[in-house]
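predicted coordinates and the sequence they were generated for:
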Amino acid sequence: MTPNVCVVGAGIAGAGAAYALRERAAVTVFEADAIGGRMVSGTRDGCVYDYGANYVDPPDERVEAQLQSVVGDDLAVTTDDVWIFDAEGTIEEGRPNQGRKLSGRNGIDEIVEAYLDASGATVHEQTPVDHLSRTDDGWRVTAGGEQRPFDALVVTPPTCEVLFEDADWEADLREQLIAARERQSYRTIDSVALHYPFALDVPYYALVNTDKDHAVGWLSRDSCKPGHVPDGEEILIVQLSPAWSAGRPEATPEQAAEAAADHAATLLAEDRLADPDWWDHDRFTHALPGDRVNPALVEYALPHDLGLAGDWLAGTGRTHAALETGLDAGRRLGKRL
Ligand SMILES: Cc1cc2nc3c(=O)[nH]c(=O)nc-3n(C[C@H](O)[C@H](O)[C@H](O)COP(=O)(O)OP(=O)(O)OC[C@H]3O[C@@H](n4cnc5c(N)ncnc54)[C@H](O)[C@@H]3O)c2cc1C
């Protein structure tokens, strides 16, 4: 009989795990919110904008070739450069030839969706996993008010300690996983998309603050991504720095949007940028991991029919690293099934 595997989380790590298991198991993915996780995009008035992860930067040709074959013609490639700025707002040219930055023509979540489509997995959105229970021959997973048996499990969310704390699972590894996650820090980022009914004439795709002392950590132009912004318009993605965001836990979306627009106007010396005609905002409390957990946990988990994946394991907030953990978890579990 075909083994069945449950994947918790439909971010890029969960999608990678489902993809790697596609010929080995029947995969069910439960997602608390929507496909994409932090690879999230919005749409409005004919515009598409990526306000979580901005792009995937494939580390080598092998990874880019896989992304190309899975996503196909909808892959949106940006080659414009990222420049740098300091605490005083002085902008300088960054490194040239910074490589290809990948999104989807319909938003970066399209990449995650493409991996899930190619995997053949059954995906349940808006269906958080509430409880895990270890059995003699696998796991019971409670989601959407229903408990179902699975031969194996892949857990991806950066908040997975909550699930392990509550799990019916007698094993030292359970405690180790909770402790590892609790020791690990995550940065908070307020991300704002600002729309303008005019184009910007600047020679870069994005600006990154290199001394980490500016209120803005990152500013980019979604108009550089094919298919995202109609000609003659602009969408700026402004990510307020982790210090700004963590220092203002009570900031409202309006306050974050106002701060983002004011800083964009000052940084780019364009008064008009202080007054976007619309905006969107999200606060990511688990934006980027600050450090790594013990990678040996992956090995310890496998005999429990448990795959671990996600950027919390990679220890770096990069989409390609999260994808790699998912592919790896899927491949290794698949060999055991
Ligand atoms: C503002 C911002 C900008 C970034 N910029 C970049 C960038 O430009 N390039 C880059 O490479 N990386 C960037 N990153 C980092 C990148 O987004 C992440 O490293 C990557 O998307 C993590 O993927 P993941 O699958 O590990 O986690 P996630 O994408 O967080 O996926 C985990 C999923 O699990 C779901 N979930 C949680 N609990 C449950 C539950 N109980 N049951 C079911 N589902 C659950 C969540 O809803 C989520 O969808 C950025 C991140 C942020 C926030």
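Structure received.

ok, which stretches of the stretch 51-200 of the chain are strands?
Taking DSSP state E, counting those that start in this stretch as the test, the strands found in the stretch 51-200 of the chain are 75-78, 82-85, 91-92, 101-104, 122-124, 129-135, 138-143, 146-150, 152-155, 186-196.

mind checking how far the third one is from the chain centre?
In other words, strand 91-92. Relative to its chain's centre, strand 91-92 lies at 28 Å (CA atoms, centre = their mean, to the nearest Å).

tell me the contacts of D262?
Neighbour list for D262: A274 [criterion: CB atoms under 8 Å, 6 or more residues apart in numbering]. Quick note: C-beta positions are derived from backbone N, CA and C, even for glycine.

give me the number of residues near the residue in the stretch 101-250 of the chain that the ligand sits nearest to?
For the stretch 101-250 of the chain, the residue closest to the ligand is P157, as judged by CB to the nearest ligand atom, at 3.4 Å. By other CB atoms under 10 Å, 23 other residues sit near P157.

quickly compare the strands of the stretch 51-200 of the chain and say which is most buried.
Compared across the strands of the stretch 51-200 of the chain, strand 152-155 shows the largest average neighbour count, a mean of 27 (mean count of other CB atoms under 10 Å).

now it: average pLDDT?
Here strand 152-155 scores 98 as its mean pLDDT.

what pairs with that strand, parallel or antiparallel?
As defined by DSSP bridges, the strand partners of strand 152-155 come to strand 4-8 (parallel), strand 306-308 (parallel).

re the thing from before, possible to save the strands of the stretch 51-200 of the chain as CSV with distance to A260?
Formatted as CSV, the strands of the stretch 51-200 of the chain follow (distance: least, CB to CB, whole Å):
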stretch, distance to A260
strand 75-78, 21
strand 82-85, 15
strand 91-92, 17
strand 101-104, 20
strand 122-124, 33
strand 129-135, 34
strand 138-143, 36
strand 146-150, 41
strand 152-155, 34
strand 186-196, 4
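
mind checking which of these is nearest T28?
Each of the strands of the stretch 51-200 of the chain was scored for nearness to T28 using CB to CB, and the closest is strand 122-124 (5.0 Å).

any low-confidence regions in this protein?
Along the chain, segments meeting pLDDT under 70 span 96-97.

how's it carved up into domains?
4-39+112-182+293-336, 42-107+185-289 (automatic domain parsing).

which of those sits most buried?
Across those, averaging neighbours per residue (mean count of other CB under 10 Å) puts domain 4-39+112-182+293-336 on top, at a mean of 20.
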